[in-house]
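Q: Give the three-dimensional model of this entry:
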Amino acid sequence: MNQPSNIARSLLFVALTAGAVALAIADLLIGTTSVSIGQVWSVLCGATEDASLETIVLRMRLPKVLVALFAGMALSASGLQMQTLFRNPLAGPYVLGVNSGASLGVALFTLATPMMGLASASWLHSFGVTGVAWIGSAAILLLVMSLSRRVRNINTILIIGMMLSSAISALVGILQYMGTEESLKAFVVWTMGSVSTVTIDELWVLIPVVVVGLVLAIVVIKPLNMLLLGESYARTMGLNVARSRAIIFISTTLLAGTVTAFCGPIGFIGLAMPHLARITFRTADHRVLMPAAMLWGAVSMLFCTVACDVVARQGVMLPVNTITSLLGIPVIIYVVLRNSHRQ
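A: Predicted structure coming up:
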């Protein structure tokens, strides 16, 4: 298959950027309350005194747009890193157990604390769902990184991550079985994912952390290209594999862990969008793939939020995971079928 020219790739990048901007504007306009583009512009410019309009645009819709934008970029970048590192097309941002660690933290917070009589403890509530999810993700990262220092085979680390995820899922299942109806409902709602619950104050934490993770993802673009042919080849080319692996792990946890902590586990974006970037740009060069995956992630998440808003106007509130699954599953099926025909 011939690779597209530089001009064609530039046009693709422009089209994706324009699509992201158009979807972001649509997300600001669409909702249960109709808002015109002129009203949005006046609010963003500070030229209106309508307090209710400012609340809708600045405190409800704009944070949602920013969260969708950065969450899509974060999940896609982390998914691309994992697929390249493990040389596995079905590896996603949660392959290290980051999602499971966050789920365990939230399960302990929402399900276990009421059973232990700690539901009203002020020191515990100071962490909140976001805090405990982040602690759970970080704990799993530290465990995986400590194991990776002793394990040279990256596939062994993949198996360890899968086993950790399975063990944690079993613990979460036990907590769900023993939890109260109210606590179980709170946990299930969190697992459905949402980009509309992040406040403006939380954005000041989410965005800087995601930016750091994205910068690290850009830093390891050259090592990722070297790892395409395996770690043994990368070592012969002079790459410090252990250090590169550690940076990739940290980047993935900052990206996927932060998004999971603030938005809940959002499925298929990090798994499908890197493949969509490969399909549309027809290259394995991460200098092209990384920004392409980020843009596809942003576009897909913004599309999902717009779709949820359109449905919400009919009086039905859909969790974002339902749309991301419907969007991502066809891409994965296509990739699996294409790879099976090549074998």
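
Q: Flag the shaky bits of this protein, pLDDT-wise.
A: Within the chain, the segments meeting pLDDT under 70 span 1-3, 114-127, 340-343.

Q: So which residues of it form strands?
A: Counting by DSSP state E, the chain has no strands at all.

Q: Now do the most centrally placed residue in it against Val211, distance only.
A: For the chain, Leu75 is the residue whose C-alpha lies nearest the centre (CA atoms, centre = their mean; 3.0 Å). According to CB to CB, to the nearest Å, Leu75 and Val211 sit 15 Å apart. In short, each C-beta sits where N, CA and C put it, glycine included.

Q: do Ser244 as well
A: 20 Å.

Q: who's more crowded, those two?
A: Ser244 (20 against 14; other CB atoms under 10 Å).

Q: I figured Met226 was touching Met237, is that so?
A: Yes: using CB atoms under 8 Å, Met226 is in contact with Met237, at 5.5 Å.

Q: who has more neighbours, the two?
A: Comparing Met226 with Met237 by other CB under 10 Å, the one with more neighbours is Met226, at 21 against 10.

Q: What distance do you get for the more buried one to Met145?
A: 21 Å.

Q: and the closest residue to the residue nearest to the centre of the chain other than its chain neighbours, how many neighbours does it have?
A: Distance criterion CB to CB, 6 or more residues apart in numbering; nearest residue to Leu75, sequence neighbours excluded, is Gly270 at 3.7 Å. Neighbourhood size, Gly270 [other CB under 10 Å]: 34.

Q: quick one: Gly270 and Trp296, what's the gap?
A: Gly270 is 11 Å from Trp296, by CB to CB.

Q: tell me, what's touching those two both at once?
A: Counting by CB atoms under 8 Å, 6 or more residues apart in numbering, the shared contacts of Gly270 and Trp296 are Ser76.

Q: count of residues packed around Phe303?
A: Neighbours around Phe303, by other CB under 10 Å: 20.

Q: ok, and the closest non-adjacent residue to it?
A: Leu23 (5.7 Å).

Q: Roughly how far does the one you found sit from Asn155?
A: Leu23 is 38 Å from Asn155, by CB to CB.

Q: Can you report how many residues lie near the closest residue to Asn99 other than its chain neighbours?
A: Nearest non-adjacent residue to Asn99, counting by CB to CB, 6+ apart: Pro265, 5.0 Å away. Residues near Pro265, counting by other CB under 10 Å, number 21.

Q: Dihedrals phi and psi, Pro265?
A: phi -70, psi 110 (degrees, to the nearest 10).

Q: Is it in contact with Ser103, as I believe?
A: Yes: Pro265 lies in contact with Ser103 (CB under 8 Å); the separation is 6.8 Å.

Q: can you list residues touching both of these two?
A: By CB under 8 Å, 6+ apart, the residues touching both Pro265 and Ser103 are Thr191.

Q: rewinding a little: between Leu23 and Asn155, point out the one with more neighbours.
A: Leu23 (23 against 11).

Q: Do I have it right that the more buried one meets Leu302?
A: Yes: with contact defined as CB under 8 Å, Leu23 reaches Leu302; the gap is 3.8 Å.

Q: can you map out the helices along the stretch 101-250 of the chain?
A: For the stretch 101-250 of the chain, applying DSSP state H, counting those that start in this stretch gives helices covering 113-115, 122-125, 128-148, 154-178, 181-191, 200-219, 221-227, 231-236, 241-252.

Q: Looking at those helices, which is nearest to Thr84?
A: helix 221-227 (4.8 Å; CB to CB).

Q: residues making contact with the closest one?
A: Contact with helix 221-227 is made by 80-81, 84-85, 87, 233-234, 237, 239, 241, 244, 247-248, 284-287, 290, as judged by CB under 8 Å, 6+ apart.

Q: The lengthiest helix in the chain to helix 200-219, inter-axis angle?
A: Identified as the longest helix of the chain according to DSSP state H is helix 286-312. Per axes from the mean of the first three to the mean of the last three CA atoms, to 10 degrees, the angle that helix 286-312 makes with helix 200-219 is 150 degrees.

Q: Run the chain-centre distance for helix 286-312.
A: 11 Å (CA atoms, centre = their mean, to the nearest Å).

Q: in stretch 282-301, what counts as buried?
A: Applying a neighbour-count criterion of 16 or more other CB atoms under 10 Å, one finds 286, 288-301 buried in stretch 282-301.

Q: Stretch 142-159 too?
A: Leu143, Val144, Met145, Ser148, Ile154, Ile157, Leu158.

Q: Widest-spaced pair of these?
A: Leu143 and Ile154 (16.3 Å).

Q: circling back: can you name every helix or strand that the longest helix of the chain contacts?
A: Applying 3 or more CB pairs under 8 Å, 6 or more residues apart in numbering; DSSP states H and E, we find helix 286-312 packed against helix 6-29, helix 62-86, helix 200-219, helix 221-227, helix 269-281, helix 320-342.

Q: change it to 6 Å
A: helix 6-29, helix 62-86, helix 221-227, helix 269-281, helix 320-342 (3 or more CB pairs under 6 Å, 6 or more residues apart in numbering; DSSP states H and E).

Q: Ile207: which of the ones you listed is closest?
A: helix 62-86 (5.9 Å).
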